[in-house]
Structures are given as C-alpha cells and as structure tokens.
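Colleague: Sequence below, structure please.
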Amino acid sequence: MDGKQMQIGEVAARTELSLRTIRHYEETGLVIPSARSRGGFRLYTEADVARLMVVRRMKPLGFTLDEMRELLAATDRLDAGDLPDGKEREELLSRVRHFEEAARQRVADLRTQLARAEEFAATLQERLDHAHRTRPAEQSPA
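Modeller: Alright, predicted model coming up:
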C-alpha cells in the first residue's frame with residue numbers, strides 16, 4: 001500500500017457508493033476511516049476502499065450487515081500479520097468457504113430470476129408485435 005489517504009468524496013467516486021451509504025457503513029462498524037484530517041474530515045486508505053468494495057458486492061446478493069461484518073472479521077483475521085494456525089485458521093477458512101458457497105448459490109438464484117424476467121419481457125414483446133400485426137383497419141369518420 002502506498003499510504004495515500006483519500007477523502008470520502010474520492011472514496012465514493014471509486015466505490016460508486018453514496019456519501020450517505022459510506023457514512024452508514026461507518027456507523028454500523030463495517031468500515032472505519034483510517035484517520036481524520038486536521039479539519040476532521042474522514043480519511044480512507046486503499047484497504048478501506050477494498051473493505052467497502054466487499055460490502056458493495058455482498059449487498060446485491062442479499063447478505064445482511066451482520067453477515068458482512070462476520071466475513072470481514074474472518075478475512076481481517078486471516079490477513080493479519082500474525083496468521084492463525086491450526087484449528088483457528090481452519091475455522092476462519094471454513095467461514096470464508098461458507099460465504100463463497102452462499103454467494104455462488106445466490107448468484108445462481110439471481111441468474112434464474114433474470115432468465116424468468118427476460119422470458120417475461122420477451123412474452124410481452126411478442127404480444128405487442130402480434131397486436132401491431134393484427135391491428136384492425138382504422139375506421140373513417142361517418
């Protein structure tokens with residue numbers, strides 16, 4: 001990491017999250033700004049942006065804030081300088097595996113929903129096309 005610190009506006013632009021959403025995630029403890037400027041502005045690092053990206057990717061899959069917190073805690077622990085070993089490491093890896101499997105299942109469910117939605121839209125388009133082809137001749141005024 002190059003140590004560059006960013007203000008919330010730059011983080012919002014990079015993550016495509018609103019300022020309000022980033023502040024909400026801070027209030028819920030999902031991401032904490034790494035520092036504050038002399039003027040009290042939140043300052044974020046690349047690691048903070050990476051955490052926000054994890055949250056941003058989990059949200060549309062329907063993960064709760066508690067689940068996001070749980071995954072981040074596990075990955076934080078695995079990424080820590082003093083890597084756990086033995087039973088603790090296996091437990092952390094198992095948690096991350098659980099989230100990976102849940103994410104894959106949710107993606108599959110969304111693909112099914114998308115296919116159904118596309119099928120429905122195509123059915124409506126067919127009805128419209130049929131209606132335009134079988135349109136009755138316009139009547140002239142009497």
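Colleague: Summarise which helices and strands the lengthiest helix in the chain is packed against.
Modeller: Secondary structure of the chain per DSSP state H: the longest helix is helix 86-133. Secondary-structure packing of helix 86-133 (3 or more C-beta pairs under 8 Å, 6 or more residues apart in numbering; DSSP states H and E): helix 65-79. Every C-beta, even on glycine, is put in place using the N, C-alpha and C of the backbone.
Colleague: which other residues reach the helix it packs on?
Modeller: 28-30, 51, 54-55, 58-59, 63, 84, 89, 92-93, 95-96, 99 (C-beta atoms under 8 Å, 6 or more residues apart in numbering).
Colleague: and what of stretch 37-46?
Modeller: Stretch 37-46 is contacted from outside by 1-8, 10-11, 26, 31, 33-36, using C-beta under 8 Å, 6+ apart.
Colleague: out of those, which are inside helices?
Modeller: Those of the contacts of stretch 37-46 lying in helices (DSSP H): 8, 10, 11, 26.
Colleague: which of the contacts of stretch 37-46 sit farthest apart?
Modeller: 2 and 26 (22.7 Å; C-beta to C-beta).
Colleague: who's more crowded, the two?
Modeller: Neighbours per residue, other C-beta atoms under 10 Å: of residue 2 and residue 26, the larger number sits with residue 26, 17 against 6.
Colleague: who's in contact with that one?
Modeller: Taking C-beta under 8 Å, 6+ apart as the test, what residue 26 contacts is 32, 33, 42.
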